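1. next input, structure requested:
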Amino acid sequence: MKLEVLRGVVAASVVILAALPAAAQSSSGGWEFTIAPYLVAAGLNGSLTVADIEADVDVPFDDVISDLDFAFMGHFDMQNERWVLSSDLIFVDLEDSTDVAQGTGTSSVEETLWEVAGGYRVSPAVTLLVGARWVDLYSKLQYSGPVVQRSVDAGKSWIDPFVGAHVTAPLSDRWWLGLHGDIAGFGVGSELAWQAYANLGWKASELVSVIVGYRAIDIDYEDGSGLEYFHYDLLMAGPQLGVAFRF
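-> Prediction:
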């Protein structure tokens, strides 16, 4: 049985976001620290399957906001001239109901993503990255119709190792361009996951920077069979905005 556009599933898209890049490279030789709350205005396209119920997802960002119960997105990193250490934590809780096939479909999703990464600068502009993303997901899909009523739920946790690179190109004393790409999963957690984004940064002061950009990330995770079957295959893409506080 297939439920068309169960919009609460979009929580999973918001949750798979990597850390915002640091506002600028360290030039003093010592460690510098960045704290950055942020938002990704991401739409979602793909599908989520629990047991034999599949939810097709094609949702713009405004629907994500209307279905959101609670969310937190925050990033921390520390860096010097050669090394970068970062951590990113995201939690979202969404629920949505919609009319589907002469009935009502309801989906709810709670998801936590915690990312830890380390990087080494091979040049002032290029940083090589390695890390891991822990994803904890609980999803419940329900269908209530005149004849059939179904409810299935699943909770999954997995870790995606990843490798990637980040390039920073200074445009002026206050402006810079950041490009990032990474590949994850490799069958350890997800079958395959990838992420790419481009950011434009503006240094408002010595302590505060504003970052705007566009991010896309795709995750394909599959596990179990029969009533235990779970398949998460979603592409998230959209603009992002963050404020970085540096000290």
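2. CA only for contacts and neighbour counts going forward, please
-> Fine.
3. following the lowest-mean-pLDDT helix or strand in the chain in sequence, what is the next regular element?
-> In the chain, no helix or strand scores lower on mean pLDDT, DSSP states H and E than helix 11-15, which sits at a mean of 36. Going down the chain from helix 11-15, the next helix or strand is strand 32-40, by DSSP states H and E.
4. all strands of the protein, in order?
-> Ranges of strands in the chain, per DSSP state E, are 2-4, 32-40, 43-50, 53-59, 68-79, 83-100, 103-121, 126-144, 149-170, 175-184, 192-203, 208-223, 230-246.
5. given the second one, what are its sheet partners and their directions?
-> Its sheet considered, strand 32-40 pairs with strand 68-79 (antiparallel), strand 230-246 (antiparallel) by DSSP bridges.
6. export those to a markdown table and tack on mean neighbour count?
-> Below are the strands paired with strand 32-40 laid out as a markdown table (neighbours: other Cα atoms under 10 Å):
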| stretch | mean neighbour count |
| --- | --- |
| strand 68-79 | 18 |
| strand 230-246 | 21 |
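7. the ones you listed: which one's closest to Arg133?
-> strand 68-79 (13.4 Å; Cα to Cα).
8. give me the mean pLDDT for that closest one.
-> Averaged across strand 68-79, pLDDT comes to 78.
9. beta-bridge partners for the nearest residue to Val50 once chain neighbours are set aside, please?
-> Distances taken as Cα to Cα, 6 or more residues apart in numbering place Phe230 nearest to Val50, at 4.8 Å, with adjacent residues excluded. Beta-bridge pairing for Phe230 (DSSP bridges): Val50, Asp223.
10. one more: Asp182?
-> Beta-bridge partners, per DSSP bridges, of Asp182: Gly164, Gln195.
11. that one and Ala196 touch, don't they?
-> Yes: between Asp182 and Ala196 a contact is recorded at 6.7 Å, counting by Cα atoms under 8 Å.
12. just give the closest residue to Pro239, not the sequence neighbours.
-> Nearest one to Pro239, counting by Cα to Cα, 6+ apart, is Tyr214 at 4.2 Å.
13. state the distance from Glu115 to Ser86.
-> To Ser86, Glu115 is 8 Å away according to Cα to Cα, to the nearest Å.
14. quick one on the thing from earlier: residues in contact with the residue nearest to Val50?
-> Residues near Phe230 by Cα atoms under 8 Å, 6 or more residues apart in numbering: 48-51, 154, 222-224.
15. now with 10 Å?
-> Applying Cα atoms under 10 Å, 6 or more residues apart in numbering to Phe230 gives the contacts 48-54, 139, 153-156, 221-224.
16. with these in mind, which one is nearest to Gly238?
-> Closest approach between the contacts of Phe230 and Gly238, by Cα to Cα: Leu48, at 19.6 Å.
17. what about the closest one, how many residues close to it?
-> 23 (other Cα atoms under 10 Å).
18. same check, this time on Glu115
-> 22.
19. ok, it to Trp134 distance?
-> For Glu115 relative to Trp134 (Cα to Cα), the value is 6 Å.
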